[in-house]
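S.K.: using only what follows, build the 3D model:
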Amino acid sequence: MQHNTKYTRATIYAIFIWHGFFLALTKSMLDLNTIFPALVNNLTDSNTLFGLLYAIMLGVPFIFNIFFGHFLHSRQHKKPYLLLGIYLRGIAFLGMAVFTYFFATDSPVMVLVSLFFWVFLFSFSGGFAGLSYADIIGKLVPRGKRGNLYASKQFVSSLAVLLGGIAVAKIFSMDSMRFPNNYSLALVIGFGGLIIASGAFWFIREPASTTDPGTRDSFRDFLVKVPDIIRRDPTFLRFIIVENLASFSLMILPFYLLFAKDIFGIQEAYVGKYLLYQIIGAIASNIIWGYISHKRDSKTVVRSCILLGGLIPIFALAAQPFGPDIFAVIFVLVGFVMSGRRVGFEPYLLDLAPEDQRTLYLGINGTLNFSKVLLPVIGGVLIDIVGFQITFIVVTLSMLTAYFLMGARPERHSD
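M.R.: Presented below is the predicted three-dimensional model:
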C-alpha cells in the first residue's frame with residue numbers, strides 16, 4: 001500500500017488534532033448526558049419524546065452506516081463528503097439555536113417538532129462524515145501508526161472537553177443568560193466550533209482510492225454479498241461479535257452514578273465531582289493507551305480496554321463499604337475505558353480492513369454494531385427487575401467473554 005508522502009508526520013497530526021480539539025469543544029456544547037436532555041426537558045415533560053430523540057441521536061448513524069459504506073466505496077476521494085457532512089452538522093447546530101432562541105418561550109411545541117428534524121440531520125451527517133474521516137486517516141497514516149494519532153487526538157480532545165465544560169458552566173451560571181438564551185448561545189458556539197474544525201481539512205490533498213468506480217454493485221446486490229464478505233473474513237466476524245459484547249461496558253456507564261445515589265445517597269455536589277474525576281481519567285489514560293499502542297498494537301489496546309471494562313463493575317460492588325469519596329475511583333476508570341475505546345477500536349478496524357474495502361468494512365461494522373443503541377435501554381430494564389448487583393455481574397461475564405474471544409495472537413496484515 002502506498003501512502004501519501006507529501007505530508008510530514010507532524011503536519012498530519014496537526015490537521016487531525018486541530019479538528020479533534022474543536023470537534024470535542026463543539027460536542028461539549030450539546031453533551032448527551034446533560035445539555036441535550038435538559039434542553040428537551042424545558043420543552044416537554046414527556047420521557048417518551050426524549051427517548052425518541054435520544055434514539056435518533058444514537059441510532060441513525062448505525063442504521064445508515066451500511067448504506068454510507070456502499071456509497072463511499074466507489075468514490076475515489078472522500079474529502080468532499082467529509083466536508084459536506086461537517087457543514088450539514090453545523091447547519092443542524094445553527095438550526096437548533098435559531099429555533100430555540102426565537103420560539104422556545106412562546107411555542108415550545110414548534111421547537112420540539114423542529115428538533116426531530118435537526119437531530120436527525122445532525123446524526124445522519126455525522127455518520128456520513130465519520131466514515132469519510134476514517135478512510136482518509138487510513139490513506140494518510142500507515143498501519144501500526146494510527147493508534148498513536150488517535151491517542152494524541154484523544155488527549156487534546158479531552159482537554160477541549162474540559163474547557164468546554166468550564167465554558168458551559170459559566171454560560172449557565174450567568175444571571176443574564178436565562179432560558180432560552182443560554183442554550184442558544186451554547187449551540188451557536190457549537191456551530192462556530194464545527195466550522196473552525198473543518199478548516200484544517202482544506203489543507204489535505206487526498207490521494208485517490210484504489211477502488212475502480214466502474215465496478216460498483218447496486219445497493220441491493222451489495223446487501224446480498226454482505227454475508228459472504230463477513231464469512232470470508234473470520235477475523236472481521238469475530239471483531240463484530242466482540243464489539244457488540246464489549247458494548248455492555250457502554251450500557252452500564254450511565255448507571256454507575258445511579259448506583260452511587262442508590263447506595264450512598266450522594267448529594268448533587270458529587271455529580272460534578274465524579275464528572276471531574278472521569279475527565280481526569282480520560283486525559284491521564286491517553287498517555288498509557290498511546291504507549292501501549294506504540295509498543296504493541298491497537299489490538300492490545302482493545303483487549304486491555306475490554307478487560308478493564310469487565311472489571312469495573314466488580315470494583316464498583318467491592319467499593320460499597322468505603323463510601324462515596326473512594327467510589328470516585330470508579331469514574332477515573334470509566335474515563336480510562338471511554339478513552340481506550342476511542343484509541344483502540346477504530347484504529348484496529350482500520351488495520352483489519354483491506355485497503356480497497358475499507359469503507360465497506362466500516363459501514364458493515366457500524367450497522368451490525370446495533371447493541372450500542374439497544375443495550376442502554378435493556379440495562380435500565382434489567383436493573384429495575386434484578387437490581388444493580390446481578391446486572392453488574394452480567395456485564396462482567398459478557399466483557400470477559402469478549403476479552404477471550406478477541407484472543408491474544410496478533411493478526412497478520414498485508415499492505
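S.K.: can you give the domain ranges for this protein?
M.R.: Following automatic domain parsing, one gets these domains for the chain: 1-216, 218-410.
S.K.: in a markdown table: those, plus mean pLDDT and mean neighbour count.
M.R.: (Each C-beta comes from the backbone N, C-alpha and C, glycine too.) As requested, those are arranged in a markdown table below (pLDDT from 0 to 100; neighbours: other C-beta atoms under 10 Å):
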| stretch | mean pLDDT | mean neighbour count |
| --- | --- | --- |
| domain 1-216 | 78 | 18 |
| domain 218-410 | 81 | 18 |
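S.K.: which outside residues touch stretch 178-188?
M.R.: By C-beta atoms under 8 Å, 6 or more residues apart in numbering, the residues outside stretch 178-188 that reach it are 29-30, 35, 39, 42, 93-94, 96-98, 100-101, 104-105, 168, 171-172, 174, 177.
S.K.: let's see that with 7 Å instead.
M.R.: Stretch 178-188 has contacts (C-beta atoms under 7 Å, 6 or more residues apart in numbering) with 29-30, 35, 39, 42, 93, 96-97, 100-101, 104-105, 168, 171-172, 177.
S.K.: so which of these belong to helices?
M.R.: The helices in this structure, assigned by DSSP state H, contain 35, 39, 42, 93, 96-97, 100-101, 168, 171-172 from the contacts of stretch 178-188.
S.K.: tell me the one of those nearest residue 303?
M.R.: Nearest to residue 303, judged by C-beta to C-beta, of the ones in helices among the contacts of stretch 178-188 is residue 35 at 33.7 Å.
S.K.: tell me who's in contact with the closest one.
M.R.: With contacts defined as C-beta under 7 Å, 6+ apart, the neighbours of residue 35 are 29, 168, 186.
S.K.: residue contacts, the closest residue to the first one other than its chain neighbours?
M.R.: For residue 29, the nearest residue in space outside its immediate sequence neighbours is residue 190; the separation is 3.6 Å by C-beta to C-beta, 6 or more residues apart in numbering. With contacts defined as C-beta under 7 Å, 6+ apart, residue 190 is in contact with 26, 29-30, 93.
S.K.: same question, residue 134
M.R.: Going by C-beta under 7 Å, 6+ apart, residue 134 touches 346, 350, 362.
S.K.: closest to residue 368 out of the residues you listed?
M.R.: Within the contacts of residue 134, the smallest distance to residue 368 is 11.2 Å, found for residue 362 (C-beta to C-beta).
S.K.: and that closest one, which of the three is it?
M.R.: With DSSP: H, G, I helix; E, B strand; the rest coil as the basis, residue 362 sits in helix.
S.K.: not counting sequence-adjacent ones, nearest residue to it?
M.R.: Leaving aside its sequence neighbours, residue 362 sits nearest to residue 131 (C-beta to C-beta, 6+ apart; 5.1 Å).
S.K.: go ahead and confirm that neighbour touches residue 360.
M.R.: No - Residue 131 is beyond contact range of residue 360, at 9.8 Å (criterion: C-beta atoms under 7 Å).
S.K.: what's the end-to-end length of stretch 378-392?
M.R.: This stretch, stretch 378-392, spans 13 Å end to end (C-alpha to C-alpha, to the nearest Å).
S.K.: how about the most far-flung residue of the chain relative to its centre, phi and psi?
M.R.: Distance from the C-alpha centroid of the chain peaks at residue 106, with 34.6 Å (C-alpha atoms, centre = their mean). Per-residue torsions, residue 106: phi -90, psi -30 (degrees, to the nearest 10).
S.K.: helix or strand for the residue sitting nearest the centre point of the chain, which one?
M.R.: For the chain, the residue nearest the mean C-alpha position is residue 342 (7.1 Å; C-alpha atoms, centre = their mean). In this structure, residue 342 is located in helix 323-352 according to DSSP states H and E.
S.K.: which elements pack onto that helix?
M.R.: If contacts are counted by 3 or more C-beta pairs under 7 Å, 6 or more residues apart in numbering; DSSP states H and E, helix 323-352 sits against helix 108-140, helix 146-173, helix 234-252, helix 255-264, helix 269-295, helix 298-318, helix 358-368.
S.K.: how far does it sit from the chain's center?
M.R.: Here helix 323-352 is found 12 Å from its chain centre; the criterion is C-alpha atoms, centre = their mean, to the nearest Å.
S.K.: then stretch 166-173?
M.R.: That offset, for stretch 166-173, works out to 23 Å (C-alpha atoms, centre = their mean).
S.K.: contacts for that stretch next, please.
M.R.: 28-29, 35, 177, 182, 185-186.
S.K.: cool, and stretch 16-27?
M.R.: For stretch 16-27, contacts defined as C-beta under 7 Å, 6+ apart pick out 137, 149, 152-153, 156-157, 160-161, 163-164, 190, 193-194, 196-197, 200-201.
S.K.: check stretch 374-383 too.
M.R.: 247-248, 250-252, 254-255, 391.
S.K.: now with 8 Å, please.
M.R.: The contact list for stretch 374-383 (C-beta under 8 Å, 6+ apart) reads 247-248, 250-252, 254-255, 258, 390-391, 394.
S.K.: could I get these as JSON lines with distance to residue 273?
M.R.: Formatted as JSON lines, the contacts of stretch 374-383 follow (distance: C-beta to C-beta, whole Å):
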{"residue": "247", "distance to residue 273": "27"}
{"residue": "248", "distance to residue 273": "26"}
{"residue": "250", "distance to residue 273": "22"}
{"residue": "251", "distance to residue 273": "24"}
{"residue": "252", "distance to residue 273": "20"}
{"residue": "254", "distance to residue 273": "17"}
{"residue": "255", "distance to residue 273": "18"}
{"residue": "258", "distance to residue 273": "16"}
{"residue": "390", "distance to residue 273": "28"}
{"residue": "391", "distance to residue 273": "24"}
{"residue": "394", "distance to residue 273": "28"}
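S.K.: looking at those residues, which is nearest residue 355?
M.R.: Closest to residue 355, out of all of the contacts of stretch 374-383 and judged by C-beta to C-beta, is residue 247, at 27.2 Å.
S.K.: out of everything not next to it in sequence, what's closest to the closest one?
M.R.: Distances taken as C-beta to C-beta, 6+ apart put residue 371 closest to residue 247, at 4.3 Å, once the chain neighbours are dropped.
S.K.: rewinding a little: in CSV, list the contacts of residue 190 along with distance to residue 322.
M.R.: Listed next are these as CSV, based on distance: C-beta to C-beta, whole Å:
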residue, distance to residue 322
26, 38
29, 36
30, 35
93, 42
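S.K.: list the contacts for residue 236?
M.R.: Here residue 236 is in contact with 229-230, 352-353, 361, 365 (C-beta under 8 Å, 6+ apart).
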